[in-house]
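> Output the structure for:
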Amino acid sequence: MTKTTAASPGPAKTGLSMLLSRDITASIVVFLVAMPLCMGIAVASGVPAERGLITGVIGGLVVGVLAGSPLQVSGPAAGLAVIVFEIVQRHGLSTLGPILLLAGLIQLAAGALRLGQWFRAISPAVVHGMLAGIGLLIVAGQMHVLFGASPKAHGLENLMAIPAAIAGLSVRALGVAEAALIVGVITIGAILLWEKVRPAKLKLVPGALLGVLAGTLAATTLNLDVQRIVVPESIAAAISVPGFGDLAKLADPALILTALAVAFIASAETLLSAAAVDRMHDGPRTKYNKELFAQGVGNMLCGAVGALPMTGVIVRSSANVQAGAGSRLSTILHGVWILAFVALLPGLLRQVPSAALAGVLVVTGWRLVSLEHVRHLFARYGLLPALIWAATFVTVVATDLLTGVLVGLALTLVELAPHLGRLRLKVAEREIGEQAREVTLEGAATFVHLPKITRALDAVPDGGVVHLNTRGLSCLDHTCAEALSEWLKGKARAGARVEVSSACAFGDRLRAAYAHA
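Here you go, the predicted structure:
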């Protein structure tokens, strides 16, 4: 094997050029995935499409530079579309900027206080129940856009109005509703068909982009009377800086609570997405507090220009990893491409029907309503985590996002009830031989101890033999069990030989999770 040194710049340059080439290619893929999602999420949030594109630009150019997660992509997220829609409906679009300024400031403070690890302690049942509820609300709201109408102010209203909207369709006349539905169905059909028949050589071509192209082409070719998105002549015209009167609204306690909710949900989604991205590659791991700080800067900037809130987003991040990105350069460049496209080719965006974006969001929302996770929780951990998922899901749909999350978090405390008198946990990590490390857990491993556990786990180097000793555990809740399982899988992917020892069912549960990796 030839070793590259300072005296032999040729191989180094070759390696650098290969890395640069991979990042440029990945950035184009992420750009193609991000464009329809940025616009679609903005429309689903009840704001102009260009506001979502501005958030995508900030997520690339600013957060991409500051990020603690090297390969995560930030931008507008479907997970916040519901809460933004409610803000706009109740308080007006001008109030969104001040709320995001405060939410970003809260994230900055959380990062500075090193609270990033605590967001990882949120129960997976709560997170996935929340996302499933959001998904159903997005589908319900965007179904009305597919019928040529506007979403209602509340999720239950959207759900209950769907039968009447379907009954109002005509098979004899081609009106606005029927034309919008044709575009939406073609968009959805193109996405699903492409993902089913896509050749391996074209696996990086995003279905959402082809769906929007198909819907737009159908509307233009068939001369359908459908609403199209509105994009200003200049990207600068889309910027709306909050005035003093808007900032003064933050004296309202309800808006402060809303800002807290946005900061909490955005941070949780970001850091859980970052953890998922870390499982997709073997490169540098996420620095959670740094990532939280970067998201705070991004959301403050989004608030300052009147854009949508941002989070780390798993769909664009996974596309980034799968496209071969090796550094944060791909994330930064995708922001450059969005900015260039909006600045130079706004006329193309004006050809896109709103129903085509709604079709993309219907597919995206439906995939969030995944029953796979609740089946996994029930099969591996029993009834209580599944009930937490269901309660969070139902409450999000029936009331609002914040109430649903709070109900889910309250129910996770039920797992602690049998162990309130013995919640102590001892975590030890030591070297037990050449290239062999042991992590020992003694006591009650619950979500309240997860930051302590993850700090010890993250300190274990990759490679060699990793031994997890759980003989001294008296309790292992589903949140810690999921975190430990993912850690074991990550170590195995990094080349370590993983061993788990236990005198009780906890070790068997972890071994089973590891075996299904």
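
> ok, V427 to E442 distance?
8 Å (Cβ to Cβ, to the nearest Å). Any C-beta I mention is one placed from the backbone N, CA and C, and that applies to glycine too.

> same question, A190
In terms of Cβ to Cβ, A190 sits 55 Å off from E442.

> all helices of the stretch 1-150 of the chain, in order?
Under the criterion DSSP state H, counting those that start in this stretch, the stretch 1-150 of the chain carries helices at the ranges 9-44, 49-58, 64-66, 81-91, 96-112, 116-119, 124-146.

> now for the ones you listed, which one comes closest to A161?
helix 124-146 (7.0 Å; Cβ to Cβ).

> Just the angle for the closest one relative to helix 9-44, thanks.
Helix 124-146 runs at 60 degrees relative to helix 9-44, counting by axes from the mean of the first three to the mean of the last three Cα atoms, to 10 degrees.

> V231 belongs to a strand, doesn't it?
No. In this structure, V231 is coil, not part of a strand, as judged by DSSP: H, G, I helix; E, B strand; the rest coil.

> and it, how many neighbours?
23 (other Cβ atoms under 10 Å).

> before we move on, what about L156?
Count around L156 with other Cβ under 10 Å applied: 13.

> Excluding covalently adjacent residues, which one is nearest to it?
A398 (6.4 Å; Cβ to Cβ, 6 or more residues apart in numbering).

> part of a strand, is I432?
Yes. Counting by three-state DSSP, I432 is located in a strand.

> Domain parsing of the chain, as residue ranges.
The chain is divided into the following domains under automatic domain parsing: 17-268+276-291+304-317+342-360, 371-418, 425-515.

> Give me the residue ranges of the stretch 301-450 of the chain where confidence is low.
Scanning the stretch 301-450 of the chain for pLDDT under 70 picks out nothing.

> Next: the chain.
In the chain (pLDDT under 70), the answer is 1-16, 18-19, 503-517.

> Identify the residues contacting the most centrally placed residue in the chain.
Taking Cα atoms, centre = their mean, the centroid of the chain lies closest to V313, which sits 3.4 Å from it. Residues counted as contacts of V313 (Cβ atoms under 8 Å, 6 or more residues apart in numbering) are 37, 73-77, 273.

> Mind checking which of those residues are buried?
Taking 16 or more other Cβ atoms under 10 Å as the criterion, what is buried in those is 37, 73-77, 273.

> Strands along the chain, start to end?
For the chain, the strands defined by DSSP state E occupy 73-75, 311-313, 425-433, 436-445, 465-476, 497-501.

> For the third one, buried residues please.
Along strand 425-433, the positions that meet the burial threshold by neighbour count (16+ other Cβ under 10 Å) are 425, 427.

> Report the distance from that strand to the chain centre.
Centroid separation for strand 425-433 versus its chain: 34 Å, with Cα atoms, centre = their mean, to the nearest Å.

> Against which helices or strands is that strand packed?
Packing partners of strand 425-433 (3 or more Cβ pairs under 8 Å, 6 or more residues apart in numbering; DSSP states H and E): strand 436-445, helix 450-458, strand 465-476.

> at 7 Å instead, please
strand 436-445, helix 450-458 (3 or more Cβ pairs under 7 Å, 6 or more residues apart in numbering; DSSP states H and E).

> Kindly report the same for the fifth one.
Under the contact criterion of 3+ Cβ pairs under 7 Å, 6+ apart, strand 465-476 touches strand 436-445, strand 497-501, helix 505-515.

> you'd agree V82 is up against L136?
No. Using Cβ atoms under 7 Å, V82 is not in contact with L136; the gap is 9.8 Å.

> Have a look at those two and say which one is more surrounded.
Between V82 and L136, counted using other Cβ under 10 Å, V82 has the larger neighbour count: 26 against 21.

> how about that one, what does it touch?
Applying Cβ atoms under 7 Å, 6 or more residues apart in numbering, we find V82 in contact with 134, 137-138, 401.

> Once you drop chain neighbours, what's closest to L423?
A444 (5.1 Å).

> Kindly apply the preceding question to E442 instead.
G472 (3.2 Å).

> And for the one you found, the neighbour number?
Quick note: G472 (other Cβ under 10 Å) scores 16 neighbours.

> do K201 as well
For K201, using other Cβ under 10 Å, the count is 7.

> what does stretch 216-230 rub up against?
Under Cβ under 7 Å, 6+ apart, the answer for stretch 216-230 is 39, 43, 48-49, 176, 179-180, 182-183, 186, 349-357.

> what about 8 Å?
39, 43, 48-49, 148, 174-176, 179-180, 182-183, 186, 349-357.

> So what's the residue count around L387?
Considering only other Cβ under 10 Å, L387 is surrounded by 17 other residues.

> What sits closest to it if chain neighbours are left out?
L411 (7.1 Å).

> Double-check the one you found against W389; I have them as touching.
No. The pair L411 / W389 is not scored as a contact, 9.6 Å apart, by Cβ atoms under 8 Å.

> With neighbour numbers in mind, choose between the two.
In this view L411 and W389 are compared by other Cβ under 10 Å, and W389 has more residues nearby, 29 against 22.

> The more buried one: what's it in contact with?
Going by Cβ under 8 Å, 6+ apart, the list of residues near W389 reads 125-126, 128-129, 132, 373-374, 377, 408.

> what about R493, distance to L468?
From R493 to L468 the distance is 16 Å (Cβ to Cβ).

> which of these two has more neighbours?
Higher neighbour count among R493 and L468: L468, with 24 against 14, using other Cβ under 10 Å.

> Pull the number of nearby residues for the residue nearest to the more buried one when sequence neighbours are not counted.
Spatial nearest neighbour of L468, chain neighbours left out: V500 (4.9 Å); criterion: Cβ to Cβ, 6+ apart. For V500, the tally of surrounding residues (other Cβ under 10 Å) stands at 21.

> so V500 touches W487, yeah?
No. Between V500 and W487 there is no contact under Cβ under 8 Å: 11.1 Å.

> Quick check: neighbours shared by V82 and L136?
G155.

> State the distance from the nearest residue to A44 once chain neighbours are set aside to A112.
Nearest residue to A44, sequence neighbours excluded (Cβ to Cβ, 6+ apart): A81, at 4.4 Å. To A112, A81 is 28 Å away according to Cβ to Cβ.

> the more surrounded of those two?
The neighbour count for A81 versus A112, taken as other Cβ under 10 Å, is higher for A81 (29 against 12).

> got the contact list for that one?
41, 44-45, 134, 138, 361.

> Number of residues surrounding the closest residue in space to F341 that isn't next to it in sequence?
Leaving aside its sequence neighbours, F341 sits nearest to M35 (Cβ to Cβ, 6+ apart; 7.0 Å). Around M35 there are 24 other residues, counting by other Cβ under 10 Å.

> and if you look at the one 10 residues further on?
Using other Cβ under 10 Å as the criterion, S45 is surrounded by 28 other residues.

> Just confirm L101 contacts L301, I think it does.
No. With contact defined as Cβ under 8 Å, L101 does not count as touching L301 (9.2 Å).

> mind giving me JSON lines with the strands of the chain and columns for distance to R455?
Shown next, in JSON lines, are those (distance: least, Cβ to Cβ, whole Å):
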{"stretch": "strand 73-75", "distance to R455": "25"}
{"stretch": "strand 311-313", "distance to R455": "21"}
{"stretch": "strand 425-433", "distance to R455": "8"}
{"stretch": "strand 436-445", "distance to R455": "11"}
{"stretch": "strand 465-476", "distance to R455": "15"}
{"stretch": "strand 497-501", "distance to R455": "19"}
